[in-house]
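**Q** Sequence first, predicted coordinates after that:
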Amino acid sequence: MSINTWKTDFYRATLDSDLSQQLNNLASALNAWEDKSQHADQKMWRKQLSHLPNINPSVFSLGDIVTIGAEDDLVEGEKLRLRQVLQNYMPWRKGPFRLFGVDINTEWRSDWKWQRVIPHIDKLENRRVLDVGCGSGYHLFRMAQENATQVIGIDPTALFFYQFHCFKRYLPTINVHYLPLGVEDLPATNCFDTVFSMGVLYHRLDPLLFLKQLKQQLVKGGQLVLETLVIDGNQQQVLMPGERYAQMRNVYFIPSCEAMLVWLKKVGFNDPKLVDMNTTTTDEQRTTEWMPNHSLSNFLDPEDKAKTIEGYPSPKRATFVAYK
Ligand SMILES: Nc1ncnc2c1ncn2[C@@H]1O[C@H](C[S@+](CC[C@H]([NH3+])C(=O)[O-])CC(=O)[O-])[C@@H](O)[C@H]1O
């Protein structure tokens with residue numbers, strides 16, 4: 001798939017599904033995105049895609065390190081150029097990836113999150129899957145590896161859309177698509193068997209509305225897989241941080257696990273369950289060559305790693321599953 005055909009490839013791939021009934025609405029949202037994506041960086045990111053090596057990769061594997069092509073597929077000069085092109089898409093947050101032997105060691109070990117989630121969810125085989133807030137699309141490739149029929153990711157951050165296309169262009173036949181939209185831009189499709197949303201709820205101003213928006217993407221009986229920051233506490237406890245949480249400005253609500261289960265029930269999900277809980281470590285989220293900015297270790301209290309530098313409990317994440 002080339003960057004020029006991403007929309008038509010998506011439309012074609014959805015023709016046989018209920019999603020096709022929403023194509024008019026989706027097409028206007030996608031066209032609006034293209035019309036406003038005239039920012040200089042975006043022009044550069046789009047152009048740089050055409051500087052990626054124009055060859056068929058000899059191998060690919062969508063395991064812990066999403067790997068496309070082998071080092072030997074390229075000659076020395078091409079390798080140097082590839083590294084330079086990929087550097088234009090920094091910071092690389094979610095991965096890891098390996099493209100023709102170039103290891104992109106991302107800020108996050110997103111493979112660790114996937115290993116925590118995958119044992120607890122319904123098998124993805126033969127399911128249509130949506131990932132809301134998919135970042136670089138790392139987990140989209142992992143979902144495809146689990147034999148999902150179709151995988152669609154949405155995320156409004158333009159850089160991540162272009163990062164995804166650095167890989168997707170080499171995998172023209174996999175049924176994985178990326179729509180550069182926010183959850184609020186999606187019409188109610190009611191057509192996904194599994195909806196994932198990992199690491200997004202705390203960025204939403206209205207978390208209950210967000211849960212409703214996720215619910216209206218699911219078929220009846222479909223499974224929600226939700227991962228989010230949590231605090232210790234009872235049903236009544238939810239942290240609403242001040243200006244920043246772990247230096248992030250756009251963090252609104254961090255519920256206790258008990259409160260999260262109440263929220264899921266309130267919006268009508270069935271059988272909500274907490275399936276995993278994990279404290280984020282500085283091995284999982286850290287500064288790397290591909291994300292040279294500050295990372296988790298800079299956001300924790302140097303005297304007490306159980307606290308963020310603002311004095312809140314340090315990041316703990318939990319995964320929940322529930323049904324529509
Ligand atoms: N309105 C919105 N609609 C959809 N996505 C949004 C919206 N606003 C922001 N995002 C996107 O949500 C993602 C959150 S990151 C989780 C990535 C991956 N899921 C992970 O679990 O590793 C976690 C973090 O950065 O804290 C970013 O890619 C945003 O662009």
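**A** Everything's here; your move. Computed from a predicted structure; not experimentally measured.
**Q** For the stretch 201-324 of the chain, what lies in contact range of the ligand?
**A** residue 203 (C-beta under 6 Å from any ligand atom). Bear in mind the C-beta positions are built from the backbone N, C-alpha and C, glycine included.
**Q** Skip the chain neighbours and tell me the closest residue to the residue of the stretch 201-324 of the chain found nearest the ligand.
**A** The stretch 201-324 of the chain approaches the ligand most closely through residue 203 (5.1 Å), counting by C-beta to the nearest ligand atom. Closest residue to residue 203 apart from its sequence neighbours, by C-beta to C-beta, 6 or more residues apart in numbering: residue 250 at 5.2 Å.
**Q** would the one you found count as being in a helix?
**A** No - according to DSSP: H, G, I helix; E, B strand; the rest coil, residue 250 belongs to no helix; its state is coil.
**Q** Do I have it right that it meets residue 200?
**A** No - taking C-beta atoms under 8 Å as the definition, residue 250 is not a contact partner of residue 200, at 10.7 Å.
**Q** More neighbours: the two, which one.
**A** residue 200 (22 against 10; other C-beta atoms under 10 Å).
**Q** which residues does the more buried one contact?
**A** 132-133, 183, 210, 228 (C-beta atoms under 8 Å, 6 or more residues apart in numbering).
**Q** Can you tell me the closest non-neighbouring residue to residue 256?
**A** Residue 256's closest residue in space is residue 233 (C-beta to C-beta, 6+ apart), at 3.5 Å.
**Q** same thing with residue 89?
**A** Spatial nearest neighbour of residue 89, excluding adjacent residues (C-beta to C-beta, 6+ apart): residue 163 at 5.1 Å.
**Q** The one you found sits in which helix or strand?
**A** Under the criterion of DSSP states H and E, residue 163 resides in helix 158-168.
**Q** same question for that helix, mean pLDDT?
**A** What helix 158-168 shows for mean pLDDT is 97.
**Q** tell me what that helix is packed against?
**A** On a contact count with 3 or more C-beta pairs under 8 Å, 6 or more residues apart in numbering; DSSP states H and E, helix 158-168 meets helix 40-49, strand 97-99, strand 176-179.
**Q** can you tell which of those is closest to residue 304?
**A** Residue 304 lies closest, by C-beta to C-beta, to one member of the helices and strands packed on helix 158-168: strand 97-99, at 34.6 Å.
**Q** any idea how far the closest one is from the chain center?
**A** When distances are taken as C-alpha atoms, centre = their mean, to the nearest Å, strand 97-99 is centred 17 Å away from the chain's centroid.
**Q** Residue 136: what's it in contact with?
**A** Residue 136 sits next to 92-95, 97, 106, 160, 163-164 when contact means C-beta under 8 Å, 6+ apart.
**Q** roughly how far out does the helix holding residue 163 sit from the chain middle?
**A** Centre to centre, stretch against its chain (C-alpha atoms, centre = their mean), the figure for helix 158-168 is 11 Å.
**Q** Distance of the residue nearest to residue 256 relative to residue 202?
**A** When distance is defined by C-beta to C-beta, to the nearest Å, residue 233 is 15 Å away from residue 202.
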